[in-house]
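[1] with the sequence up front, the predicted model follows.
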Amino acid sequence: MTLRNNSKQLNRITATGWQIFSWSLFDFANTAFYVIILTVGYPIYFKEIVVQGIKEGDLLWGSSFSISMFIVAILSPILGAVADSGFGKKIFLFAFTFLCILSSGLLFFVKEGMILLGMLLLILANIGFEGGLVFYDAFLPEITTARSYGRVSGYGYALGYAGSLVTLAVCYPLYSSGLGISNTLNIRISFLIASGFFLFFSLPLFLFLPDRQRIKKITSNFIQIGFQRLKNTYNNITKYKNIVRFLIAFFIYIDAVNTIIIFSSIFARETLKMEMSEIVIFFALVQTSAILGSISFGILSDRIGHKKTLSTTLLLWLLITVVAYFTQSKTLFFFLGIFAGIALGSSQSTSRGLMSIITPIDKRTEFFGFYSFFGKASAILGPFIFGLISSSFNQRLAIIAVGILILSGLIVLQGVIERRTK
């Protein structure tokens, strides 16, 4: 049987409803880390307690995130190529997931003035989180058909945002007392909760979702195999101009989205003077509206196309950055959070769906490695620039750079053709 026939046969294989749910539940699990460690609890704890409010705090926070993304950006295409060569996605997903869970839990022991340890554990945790997504995303074409990529991807993100809501609800009593030197224990306990939540709800994927690639014996040359496949892909990349064009657009606009995510709570705390309890409520609104965005825009993308849906989402993001620049009141910022959640849910799920549509079937794992690579590589620059501008001037000025990135990504996206590459 030819490779083409094999690819067609594999593409017709879909997972059971329970297996799809187990895959989606991983999104439910990992957003505990996402919401507590990257967006709500640890960013503010790092700024106010660990680095004790020094002016360079934004730069240190952004640099930590950028360093972790730099490491993952180097690893992700190699890991994608290695997994595609037959070593199996699940074993790598487990290793990176465990790294994230362990490092997140160890943040409990980071206290006032422990800047180096606080940065190191964040770097390791985010490497585990982002590195695992290379293999998690690559499961999508194996559990459903091309017709339902957007819908199933949207379900995964919707469950993820639901997981964020559950985590925020559990941690709200810990955050309601505020944040200060005298009550840091409650905040540190939330780091343990995020770690445990990720561990428990990620288990169904590892127990029930099959890895259709046979796991070969790992030998000393598996790194060489990964680099060789990476080299071959780079040599042939000119054959996939449409995918390259999308990846460039993705690189630009997802940089802006990642920057907004990791600095949003710090902006709310420092510029708008919001209390910890108010920030939790704000992100609860964001996650709730993100559920609506991921499901509704996922269904919409299957009907009108991923590109049109994604373009609409980026226009919404552009409007959000403009309004955020001028925002002075907490009330307006709460309303802004609702629209930000819708844009967040749509941009993430639609991007993953569009990548699935335009990627050749026999290159899916390898090309999802590049998709992950561009997403991770983009996050190196944005947070560092935001932190640098914020530390040197102010956070409002840094928002302008984010808006420019979104507009640039939208322009490049218009050249992408939405059809499967042969």
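    On my side now, so go ahead.
[2] what's the separation between residue 309 and residue 343?
    11 Å (Cβ to Cβ, to the nearest Å). C-betas here are computed from N, CA, C, even on glycine.
[3] ignore the last one, residue 129
    22 Å.
[4] again, but for residue 415
    In terms of Cβ to Cβ, residue 415 sits 22 Å off from residue 343.
[5] please name the nearest non-neighbouring residue to the most centrally placed residue in the chain.
    Residue closest to the average C-alpha location in the chain (Cα atoms, centre = their mean): residue 130, at 6.9 Å. Of all residues not flanking residue 130 in the chain, residue 72 sits nearest, at 4.5 Å (Cβ to Cβ, 6 or more residues apart in numbering).
[6] list the contacts of the one you found.
    126-127, 130-131, 372, 376 (Cβ atoms under 8 Å, 6 or more residues apart in numbering).
[7] can you pull the contacts of the residue nearest to the centre of the chain?
    Contacts of residue 130 (Cβ under 8 Å, 6+ apart): 68-69, 72, 76, 372, 376.
[8] for these, work out which two are farthest apart.
    Of all pairs drawn from those, the widest gap by Cβ to Cβ lies between 68 and 372 and measures 13.6 Å.
[9] neighbour count winner among residue 129 and residue 343?
    residue 343 (27 against 24; other Cβ atoms under 10 Å).
[10] in what element of secondary structure is the more buried one found?
    Element membership for residue 343, per DSSP states H and E: helix 330-358.
[11] just the buried positions in that helix, please.
    333-334, 336-358 (16 or more other Cβ atoms under 10 Å).
[12] same thing with stretch 128-138?
    128-138.
[13] would you agree residue 129 is in contact with residue 33?
    Yes. In terms of Cβ atoms under 8 Å, residue 129 counts as a neighbour of residue 33; the distance is 5.6 Å.
[14] any common contacting residues for these two?
    In contact with both residue 129 and residue 33: residue 100, using Cβ under 8 Å, 6+ apart.
[15] which ones among the buried residues of stretch 128-138 map onto helices?
    128-138 (DSSP state H).
[16] JSON lines for those residues, including pLDDT and distance to residue 204?
    Shown next, in JSON lines, are those (pLDDT from 0 to 100; distance: Cβ to Cβ, whole Å):
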{"residue": "128", "pLDDT": "95", "distance to residue 204": "19"}
{"residue": "129", "pLDDT": "94", "distance to residue 204": "18"}
{"residue": "130", "pLDDT": "88", "distance to residue 204": "21"}
{"residue": "131", "pLDDT": "86", "distance to residue 204": "20"}
{"residue": "132", "pLDDT": "89", "distance to residue 204": "15"}
{"residue": "133", "pLDDT": "84", "distance to residue 204": "17"}
{"residue": "134", "pLDDT": "77", "distance to residue 204": "20"}
{"residue": "135", "pLDDT": "83", "distance to residue 204": "16"}
{"residue": "136", "pLDDT": "86", "distance to residue 204": "13"}
{"residue": "137", "pLDDT": "76", "distance to residue 204": "18"}
{"residue": "138", "pLDDT": "74", "distance to residue 204": "18"}
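[17] which element is residue 318 on?
    helix 306-326.
[18] any idea of the angle that helix forms with helix 330-358?
    160 degrees (axes from the mean of the first three to the mean of the last three Cα atoms, to 10 degrees).
[19] use 48 as the first number from now on
    Yes, from this point I'll number from 48; that puts the last item at helix 353-373.
[20] list the buried residues in helix 353-373.
    In helix 353-373, counting by 16+ other Cβ under 10 Å, buried: 353-354, 356-361, 363-365, 367-368, 371.
[21] what's next to it, contact-wise?
    197, 300, 303-304, 307, 314, 344, 347-348, 379-380, 383, 386-387, 389-390, 393-394, 397-398, 400-401, 404, 443, 446-447, 449-450, 453-454, 456-457, 460-461, 463, 465.
[22] what is the subsequent helix or strand relative to the helix or strand of the chain with the lowest mean pLDDT?
    Using mean pLDDT, DSSP states H and E, the weakest-scoring helix or strand in the chain turns out to be helix 50-59, at a mean of 41. Where DSSP H and E defines the elements, the next helix or strand beyond helix 50-59 is helix 64-80.
[23] and the next helix or strand after that next one, how far out from the chain's middle?
    Per DSSP H and E, the first helix or strand lying C-terminal to helix 64-80 is helix 88-92. Centroid separation between helix 88-92 and its chain, computed with Cα atoms, centre = their mean, to the nearest Å, is 18 Å.
[24] which elements pack onto helix 88-92?
    helix 231-255, helix 288-317 (3 or more Cβ pairs under 8 Å, 6 or more residues apart in numbering; DSSP states H and E).
[25] run the last query once more with 10 Å
    Packing partners of helix 88-92 (3 or more Cβ pairs under 10 Å, 6 or more residues apart in numbering; DSSP states H and E): helix 104-129, helix 162-185, helix 196-222, helix 231-255, helix 288-317, helix 323-351.
[26] now do the buried residues in the third one.
    Spelled out, it's helix 196-222. 196-215, 218, 221-222.
[27] residue 372 and residue 142, how far apart?
    When distance is defined by Cβ to Cβ, residue 372 is 41 Å away from residue 142.
[28] just residue 338 next, same as before
    From residue 338 to residue 142 the distance is 30 Å (Cβ to Cβ).
[29] ok, the two, which is more surrounded?
    Using other Cβ under 10 Å, the more surrounded residue of residue 338 and residue 142 is residue 338, with 21 against 14.
[30] residue 344 is in contact with that one, correct?
    No. The criterion here is Cβ atoms under 10 Å, and residue 338 misses it with residue 344 at 11.0 Å.
[31] neighbours of the nearest residue to residue 218 once chain neighbours are set aside, just the number please.
    In space, residue 218 comes closest to residue 237 once its chain neighbours are excluded; the distance is 4.4 Å by Cβ to Cβ, 6+ apart. Residue 237 has 26 neighbouring residues, counting by other Cβ under 10 Å.
[32] got it, and the one 5 residues further on?
    Per other Cβ under 10 Å, the neighbour tally for residue 242 reads 24.
[33] ok, it - contacts?
    For residue 242, the contacting residues are 79-80, 83-84, 147-155, 172, by Cβ atoms under 10 Å, 6 or more residues apart in numbering.
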